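Peer 1: quick check, what structure comes out for this input:
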Amino acid sequence: MKKMAIYCGAYSGQPVYEQAARDLGAWLVANQFELVYGGGGVGLMRTLAESVLAAGGVVHGVMPANLYARGAGLAGLKDLEVVPDMAARKKRMLALADACVALPGGAGTLEEISEAFSWARVGDNASPCAFYNVNHYYDGLAAFYDHMVAEGFLTAADRSKLLFTADLTELGHFIDSYTPPRLRTYPKQGRA
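Peer 2: Here you go, the predicted structure:
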């Protein structure tokens, strides 16, 4: 079975985002994905994990030791791996994942999915990356990625490897047809 890393917040935001987390959780199970997430028992993390478990799915949590010590873990989660720090968590989640998706969230959510996409561009992450763009939450960010292309900091080919969608069917097609970005090559530089 495939595993999907879902990045999401320790806050719930508006009710539309809680419903999106429940919908995504049910979709994961229906499409035979196991959930890999931050292990949290609060916010959208909790909503998502509980929806997967309620649908009979499998949940893998990965949590930094400092958050675990503060009681942030989902109570009763059978597969909760405690790692030394956030950097180790991000690396472990990517190692487990066959796909990476961001629900609406805050700075941490944005940082994690941005790193996953950045690593895909340098060849360290072969998994597709997408934003579950519920309620147009990520429209501004999608426009900014388009601006990166227009300004010459991101190729159009690499931009096409990052999906923004509120449609779970489209997300499934994107994942199924994904090929990693072509790795950039560099000419050899003369040594001084």
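
Peer 1: quick one: buried residues of the strand or helix carrying Leu28?
Peer 2: Per DSSP states H and E, Leu28 falls inside helix 15-30. Neighbour-count burial for helix 15-30, counted by 16 or more other Cβ atoms under 10 Å, picks out 17-18, 20-22, 24-29. Every residue, glycine included, has its C-beta placed from N, CA and C.

Peer 1: how far does it sit from the chain's center?
Peer 2: Remark: helix 15-30 is offset 14 Å from the chain centroid, using Cα atoms, centre = their mean, to the nearest Å.

Peer 1: can you pull the phi/psi pair for the residue most central in space within the chain?
Peer 2: The centre of the chain sits closest to Val101, judged by Cα atoms, centre = their mean, with a distance of 3.2 Å. Torsion angles at Val101 (phi, psi; degrees, to the nearest 10) stand at phi -140, psi 140.

Peer 1: what sits against it?
Peer 2: Val101 makes contact with 4-7, 24, 113, 129-132, 171, according to Cβ atoms under 8 Å, 6 or more residues apart in numbering.

Peer 1: show me what it is bridged to.
Peer 2: Note on Val101: beta-bridge partners by DSSP bridges are Ile6, Ala130.
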